[in-house]
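>>> Sequence below, structure please.
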Amino acid sequence: MNIKSKVLAGALLSVAVVLPLVSACGSSSTADGSISSSKAKISSPAIQNNGTLTVCAAFSTGNPPTYYTDSTNTPVGAEVEMAKWIADDLGLQVKYQDVAFASIIPALQAGKCDTIMSSLYIKAAREKVVDMIPYLMSGSKVAVKKGNPKKVTGMDDSLCGLKVSAAVGKTATLQAQEQAKQCKADGKADLTVVQTDQTTAAVQQLVNGQVDAYVGETPVVLYYQNKQPDAFETVGDEFGVIKVGAAVKKGNTALGKAIKNSFDKMNKSGDYKKILAKWHMSSLAYDFE
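This next block holds a predicted model:
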């Protein structure tokens, strides 16, 4: 994986890199160079630029297998393929904006993109400021070195006295920080949470023995466990099970309905399950019924 930039977490809209276009459907260039489409099912003001669906995702952090960039810096992953499918269904091109995860909702609100598809958990606080369309399930897991030498049992007090790696801004990271507070409140040895800007770096710290455990989103943990089955294993139950959704600006019902309809079509066609199966995420399928 070749991730060229680091996330500057918390710096509002500090990263907004346009990544390569990965899809086009029934589109053409006008005389002034803009994109038009005779097949487009939705247009401005529901989207920023006619003919293009712009998607915000935190590619610089990387979140395989849902979204990341390959060796050519091209967006890949399950959510990337879903976004491409939706754009095709709507008769649009798809374009990506690489935005720091901590700034991703402000980026949407500022018009940097039309929608967010970046493993964004549906939470009450977020639903107050954006509209969200569910399409995936997720949660968090704890991973340890193969053989579990520290006898970790999950996101619990077995982590007290240990060092854990996690990616900046992720829900699993916040949960680890809460567990660290609990360790202190219970008078037990400190749990140290080591945060990194990139998911791959956090996982590598575990592989290299720099930390005792890694905490992250379930699809990410399963992805790395599948790639390196002899390096580490998961322990304990999945925690913080939650829905993942695409976000659009609050009140943008036209785009919200269009995305929901496309997901329904994707599911009925069987392509939704095919995408999840390709990326070993079938267990995280959302029930659209």
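
>>> Return the residues in contact with M117.
55-57, 67, 79-80, 82-83, 246 (C-beta atoms under 8 Å, 6 or more residues apart in numbering). In this view, the C-beta of every residue, glycine as well, is placed from N, C-alpha and C.

>>> can you point me to the longest helix in the protein?
Counting by DSSP state H, the longest helix found in the chain is helix 253-269.

>>> Give me the mean pLDDT for that helix.
Here helix 253-269 scores 98 as its mean pLDDT.

>>> for that helix, packing partners?
Using 3 or more C-beta pairs under 8 Å, 6 or more residues apart in numbering; DSSP states H and E, the elements in contact with helix 253-269 are helix 78-89, strand 130-145, strand 232-249, helix 271-278.

>>> Could you export the contacts of M117 as CSV, including distance to I42, pLDDT and neighbour count?
Output for these, formatted as CSV (distance: C-beta to C-beta, whole Å; pLDDT from 0 to 100; neighbours: other C-beta atoms under 10 Å):
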residue, distance to I42, pLDDT, neighbour count
V55, 14, 98, 28
C56, 17, 98, 25
A57, 20, 97, 31
Y67, 22, 96, 26
E79, 20, 98, 29
V80, 20, 98, 27
M82, 17, 98, 25
A83, 14, 98, 28
A246, 14, 98, 29
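
>>> quick one: K141 and E233 touch, right?
No: in terms of C-beta atoms under 8 Å, K141 does not count as a neighbour of E233; the distance is 10.3 Å.

>>> Give me the more crowded residue out of the two.
K141 (24 against 15; other C-beta atoms under 10 Å).

>>> hey, what's the more buried one bridged with?
G216 (DSSP bridges).

>>> Now do the contacts for Y286.
So Y286 contacts 134-137, 243-244 (C-beta under 8 Å, 6+ apart).

>>> Kindly supply the ChimeraX command isolating those of those that are buried.
ChimeraX command restricting the contacts of Y286 to the buried ones, with burial defined by 16 or more other C-beta atoms under 10 Å:
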select :134,135,136,137,243,244
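
>>> Closest to L276 out of the contacts of Y286?
Closest approach between these and L276, by C-beta to C-beta: L136, at 8.3 Å.

>>> Without its sequence neighbours, what residue ends up closest to the closest one?
Excluding its sequence neighbours, the residue lying closest to L136 (C-beta to C-beta, 6 or more residues apart in numbering) is V244, at 3.9 Å.

>>> Send me stretch 110-130 as PDB with only the CA atoms.
Output of stretch 110-130 as PDB, limited to C-alpha atoms (Å, rounded to 0.1, in the frame of the first residue of the first chain):
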ATOM      1  CA  ALA A 110     -18.300  23.100   3.400                       C
ATOM      2  CA  GLY A 111     -19.200  21.600   0.000                       C
ATOM      3  CA  LYS A 112     -15.900  19.700  -0.600                       C
ATOM      4  CA  CYS A 113     -18.000  16.700  -1.500                       C
ATOM      5  CA  ASP A 114     -21.500  15.400  -2.000                       C
ATOM      6  CA  THR A 115     -21.400  12.500   0.300                       C
ATOM      7  CA  ILE A 116     -19.200  10.700   2.800                       C
ATOM      8  CA  MET A 117     -18.500   6.900   2.400                       C
ATOM      9  CA  SER A 118     -15.700   6.400   4.800                       C
ATOM     10  CA  SER A 119     -16.800   3.800   7.400                       C
ATOM     11  CA  LEU A 120     -18.700   6.500   9.100                       C
ATOM     12  CA  TYR A 121     -20.600   5.200  12.100                       C
ATOM     13  CA  ILE A 122     -24.200   6.300  12.500                       C
ATOM     14  CA  LYS A 123     -24.400   8.100  15.800                       C
ATOM     15  CA  ALA A 124     -27.000  10.400  17.300                       C
ATOM     16  CA  ALA A 125     -24.600  13.400  17.400                       C
ATOM     17  CA  ARG A 126     -23.800  13.000  13.700                       C
ATOM     18  CA  GLU A 127     -27.400  12.600  12.700                       C
ATOM     19  CA  LYS A 128     -28.100  16.100  14.200                       C
ATOM     20  CA  VAL A 129     -25.800  17.700  11.600                       C
ATOM     21  CA  VAL A 130     -26.000  15.400   8.500                       C
END
